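# Starting from these lines, generate the structure:
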Amino acid sequence: MAHMNTRLLALIPLAVGINLAMGQFVAVMQLPLFLDTVGTILVAALAGPWAAVTTGVLSQVVFTVVSGNIVWIWFLPVHLLIAVYSGFAARHRVFRSLPRTLGAGLVLGAAAATMAWPIAYLVFGGVTSGGVTIVTTLWSGAGIPLKWAVYLASLSADVTDKIVSFLLVRIVLHSLPIRMASRFPLAARALGRT
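The predicted model follows:
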């Protein structure tokens, strides 16, 4: 488990704020993706999976409380999957090259969609976040049964979302000054420098 030092205690709330801000932006813009796990993925790369799990749990709780929308808490298992997978992926140096980053985002997107769609379908009848619900409605309107329309919408949103999220984290990691990155030894590993 990651040692809780002051650096990590500052990083986690910052990452929760990133998750909240990105998620709010996407919700307001009604985009068919989420971007609400960018901070979690970043923490996984900088501090490992346990710090990312903490970030994920806090993010889901804060999303639920701030929005007053219980939808967020139901997706906590998905956020935990993202945290653990991202930590594993960072350990395997997925941020060192663009193809590895894209591949990791693609795999995570497919896994997250497969975990999220039963929740979206069974608990919410396919009505979750604005942009994804719009895509579900389009698929359903095209004659696809609701269950599969929810899955297709979730798959397209999650794959796009996780690829974009991994790319954003890759940009941040590669942009960190060496002195700053050296404070988080796992960042060097995630970038393939060790």
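# Show the contacting residues for Gly17.
When contacts are counted by CB atoms under 8 Å, 6 or more residues apart in numbering, Gly17 touches Gly39. Quick note: C-beta positions are derived from backbone N, CA and C, even for glycine.
# at 10 Å instead, please
Taking CB atoms under 10 Å, 6 or more residues apart in numbering, we find Gly17 in contact with Gly39, Ser59, Val62.
# Output the below-cut-off pLDDT ranges for this structure.
In the predicted model, the chain carries pLDDT under 70 at residues 1-4, 129.
# now with 80?
Along the chain, segments meeting pLDDT under 80 span 1-5, 69-72, 126-131, 194.
# which one of the contacts of Gly17 sits closest to Val150?
Ser59 (23.0 Å; CB to CB).
# So for the closest one, what's the nearest residue that isn't a sequence neighbour?
The shortest distance from Ser59 to any residue other than its chain neighbours is 4.3 Å, reached at Asn19 (CB to CB, 6 or more residues apart in numbering).
# Remind me which helix or strand the one you found belongs to.
For Asn19, the host element (DSSP states H and E) is helix 6-29.
# Which strands or helices does the next helix or strand after that helix pack on?
Per DSSP H and E, the first helix or strand lying C-terminal to helix 6-29 is helix 38-47. Applying 3 or more CB pairs under 10 Å, 6 or more residues apart in numbering; DSSP states H and E, one finds that helix 38-47 contacts helix 6-29, helix 49-67, helix 76-91, helix 98-118, helix 146-175, helix 185-190.
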